[in-house]
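S.K.: Quick one: sequence plus predicted model below, questions after.
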Amino acid sequence: MQLLSWLADVAHDFDDACVAAGDRYFNGRYLDGYPAMVAIRALRPVLHRAVEPFLDDPEAAVRDTALAAALALAEHPALAPYRDDLAARARRLLLTGDTRWRRRQALDALTAWGHDTTGLARPGDDNRSPYITTQSPDADFADHPPF
């Protein structure tokens, strides 16, 4: 479980929203300084295969952690065919899960993939990722970085 949790956290740390936020701050060159991040992002399909069996684990905490990892990993274009199944799992998590961090990850993934999340957020949920900005892509981040 600890390794799966670590993988979920790492997957979130190099997801598309994080890279987009870095690109806004570093003028589109965020990944230029992080070859390890480029390499691990390329491994997302392999990592997804390692996580996938845990999506049906009998223990809810293991399932939810695996889902958090799979949602971030599925941003890779090769994993697009898995998104409908993951979206259904994310909706189930939002209907039954109480962990605010995991709920926010599910909401962010559904929103990023163009799914309607109306009625899925609860009072107290922060349904907006800290990496998603409403500012113009041309905004000056020198004094106010998005992270």
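M.R.: That came through fine. Numbers count the residues shown, from 1 in each chain.
S.K.: can we go C-alpha only for contacts and neighbour counts from here?
M.R.: OK.
S.K.: what secondary structure does A121 sit in?
M.R.: coil (DSSP: H, G, I helix; E, B strand; the rest coil).
S.K.: Tell me who's in contact with G33.
M.R.: G33 sits next to no residue when contact means C-alpha atoms under 8 Å, 6 or more residues apart in numbering.
S.K.: State the distance from it to F14.
M.R.: 13 Å (C-alpha to C-alpha, to the nearest Å).
S.K.: got it, and L95?
M.R.: 27 Å.
S.K.: Next: A69.
M.R.: To F14, A69 is 11 Å away according to C-alpha to C-alpha.
S.K.: Check Q105 too.
M.R.: Taken as C-alpha to C-alpha, the span from Q105 to F14 is 13 Å.
S.K.: between those two, what contacts are shared?
M.R.: Residues touching both Q105 and F14 (C-alpha under 8 Å, 6+ apart): none.
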